[in-house]
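Chemist: Next come a sequence and a model predicted from it.
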Amino acid sequence: MTSLTAAPPWLAAPMSALRAAREQGRTHHALLIHEAPGTGGDWLAAWAAALVLCERGNTAPCGECTACRRVASLHHPDVSWVRPQEDSRQIRIEQVRELSAELALTSHGGGYKVGILTPADALNRFAANALLKTLEEPPARTLLILVATEPSRLPPTVLSRCQRLRIRAPERAESIAWLTEVRGKGDWGAALDTLGEAPMQVAQGDPAELAEVGVDTRKTLDALTAGRTDPVAAAERWTRSQLPLRLLCFENWLTERIRCGERGGALLAELRAGPYLSEPAPFLNIRELFGLIDEVRDLRATLDVPLNRGLALEALFRRIAPAGGVRDGVQG
Ligand SMILES: [Zn+2]
């Protein structure tokens, strides 16, 4: 995890809200961090944990005491991180029960106990119901933190018991300045083009590699929409290298299409431009684009499941390719 002292500037508002609540002794027992993807929900959760656990009250979180360093290295005995288990895309009821039992124990440091569920929108229905009990009757000095990109997937009964903190996607210049500060010089603009305005995610990668895969992936997608490349060959190529990264880039590419459509009123205008104006190009409305994003996400989430990814990818590619297939025998 990035150091707790290198605070991303776009988190300033939720951080000062948390600090003010702490100073006034009214820290809410349950927080819901609603983040734009890759903008630092987990970082803010760790920071909030350090805020209540730091050994230097006045300057908390100092980032230097044992408690702060343990939180930052994800090894604090009073902080439980709950994530979907490796073979699953869900947080299950057993995990929530385990967390509740842990929170009921006396803390190691004599202070708060913190439970962080991320992504909380991965809680399945039973797990969310089990969590509700702890949310309704939390043990004293408990802090529960739910991190979610799509909180609407959570039951209203859970949402209504949490104090909501919003993290919006930062401006491009802000992201680049922060990435340069924490990671040094690099073509961060191109890296952000690949993954979208998700600086926290970008910070974990190599900017040159991100940029290169991004350019190549978008080239394939543009060629597919123009009918200049064969979906089967493209799917085969993607499954051979950098598939998870390419799928993230695909998702971002689709999101961009939705944004363009919302801005210009014309969906996929740029798909219909280009050298094949006379040909009927695919018309995808916003609902179809959102549907495609969900499918790309599903595919990304099941990458460790043995299934024919080439076939699944090919089916997705056919949805964005013109109906007539590859034109003029040109392979892109
Ligand atoms: Zn500290």
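Modeler: Now that the structure is in, tell me what you want to look at. The shown structure was predicted, so the numbers you read here are calculated from the model rather than taken from an experiment.

Chemist: What is the neighbour count of residue 302?
Modeler: 13 (other Cβ atoms under 10 Å). (Glycine included, C-beta is placed from N, CA and C.)

Chemist: ok, it touching residue 89?
Modeler: Yes: counting by Cβ atoms under 8 Å, residue 302 touches residue 89, with 7.5 Å between them.

Chemist: Count the neighbours of the residue of the stretch 151-300 of the chain found nearest the ion for me.
Modeler: Nearest to the ion, among the residues of the stretch 151-300 of the chain, is residue 182, at 19.6 Å (Cβ to the ion). Using other Cβ under 10 Å, residue 182 is surrounded by 12 other residues.

Chemist: For the helix ranked longest in the chain, buried residues please.
Modeler: In the chain, with assignment by DSSP state H, the single longest helix is helix 243-264. Across helix 243-264, burial judged by 16 or more other Cβ atoms under 10 Å covers 243, 245-255, 257-258, 260-261.

Chemist: Can you tell me which of the residues you listed is closest to residue 28?
Modeler: residue 255 (31.6 Å; Cβ to Cβ).

Chemist: who's in contact with residue 116?
Modeler: Residues near residue 116 by Cβ atoms under 8 Å, 6 or more residues apart in numbering: 42, 45-46, 49, 79-82, 145, 147.

Chemist: repeat for residue 247
Modeler: Shown in contact with residue 247 (Cβ under 8 Å, 6+ apart): 296, 299-300, 303.

Chemist: would you list those in TSV and tack on distance to the ion, secondary structure and pLDDT?
Modeler: Listed next are the contacts of residue 247 as TSV, based on distance: Cβ to the ion, whole Å; DSSP: H, G, I helix; E, B strand; the rest coil; pLDDT from 0 to 100:
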residue	distance to the ion	secondary structure	pLDDT
296	41	helix	93
299	42	helix	89
300	36	helix	86
303	38	coil	79
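
Chemist: Show me which of the residues you listed are buried.
Modeler: Burial of the contacts of residue 247 was assessed by neighbour count (16+ other Cβ under 10 Å); the buried members are 296, 299-300.

Chemist: Can you tell me the closest non-neighbouring residue to residue 215?
Modeler: residue 190 (7.4 Å; Cβ to Cβ, 6 or more residues apart in numbering).

Chemist: Does that neighbour belong to a helix, a strand or coil?
Modeler: For residue 190, the assignment made with DSSP: H, G, I helix; E, B strand; the rest coil gives helix.

Chemist: Name the helix or strand for the residue of the stretch 151-300 of the chain closest to the ion, please.
Modeler: helix 172-183 (DSSP states H and E).

Chemist: again with residue 312
Modeler: Using DSSP H and E, residue 312 falls in helix 309-320.

Chemist: So which residues make contact with that helix?
Modeler: 221, 224-225, 231-232, 234-236, 238-239, 243, 250, 282, 284, 288, 292, 295-296, 299, 303.

Chemist: Buried ones only from those, please, as a PyMOL command.
Modeler: This is how PyMOL selects the buried members of the contacts of helix 309-320, with burial counted by 16+ other Cβ under 10 Å:
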select buried, resi 221+224+225+231+234+235+238+239+243+250+282+284+288+292+295+296+299
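
Chemist: Go through the contacts of helix 309-320 and flag which are in helices.
Modeler: Per DSSP H, these map to helices at 221, 224-225, 231-232, 234-236, 238-239, 243, 250, 288, 292, 295-296, 299.

Chemist: Just the helices from the stretch 1-150 of the chain, written as ranges.
Modeler: Secondary structure of the stretch 1-150 of the chain (DSSP state H, counting those that start in this stretch): helices at 12-23, 41-53, 66-72, 93-104, 125-136.

Chemist: Most tightly packed of those?
Modeler: helix 41-53 (a mean of 25; mean count of other Cβ atoms under 10 Å).

Chemist: Can you tell me which helices and strands that helix packs against?
Modeler: helix 12-23, strand 30-35, helix 66-72, strand 79-82, strand 113-117, strand 142-148, strand 163-167 (3 or more Cβ pairs under 8 Å, 6 or more residues apart in numbering; DSSP states H and E).

Chemist: which one of the ones you listed lies closest to the ion?
Modeler: It's helix 66-72; of the helices and strands packed on helix 41-53, that one is closest to the ion (Cβ to the ion) at 3.3 Å.

Chemist: How about the closest one and the ion, any contact?
Modeler: Yes: using Cβ under 5 Å from the ion, helix 66-72 comes into contact with the ion via residue 68.

Chemist: Mind exporting the C-alpha coordinates of that helix to PDB?
Modeler: C-alpha atoms of helix 66-72 as PDB (Å, rounded to 0.1, in the frame of the first residue of the first chain):
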ATOM      1  CA  THR A  66       4.100   1.300  15.200                       C
ATOM      2  CA  ALA A  67       0.300   1.300  14.900                       C
ATOM      3  CA  CYS A  68       0.300   3.500  11.700                       C
ATOM      4  CA  ARG A  69       3.100   1.500  10.100                       C
ATOM      5  CA  ARG A  70       1.300  -1.800  10.900                       C
ATOM      6  CA  VAL A  71      -1.900  -0.400   9.400                       C
ATOM      7  CA  ALA A  72      -0.100   0.700   6.200                       C
END
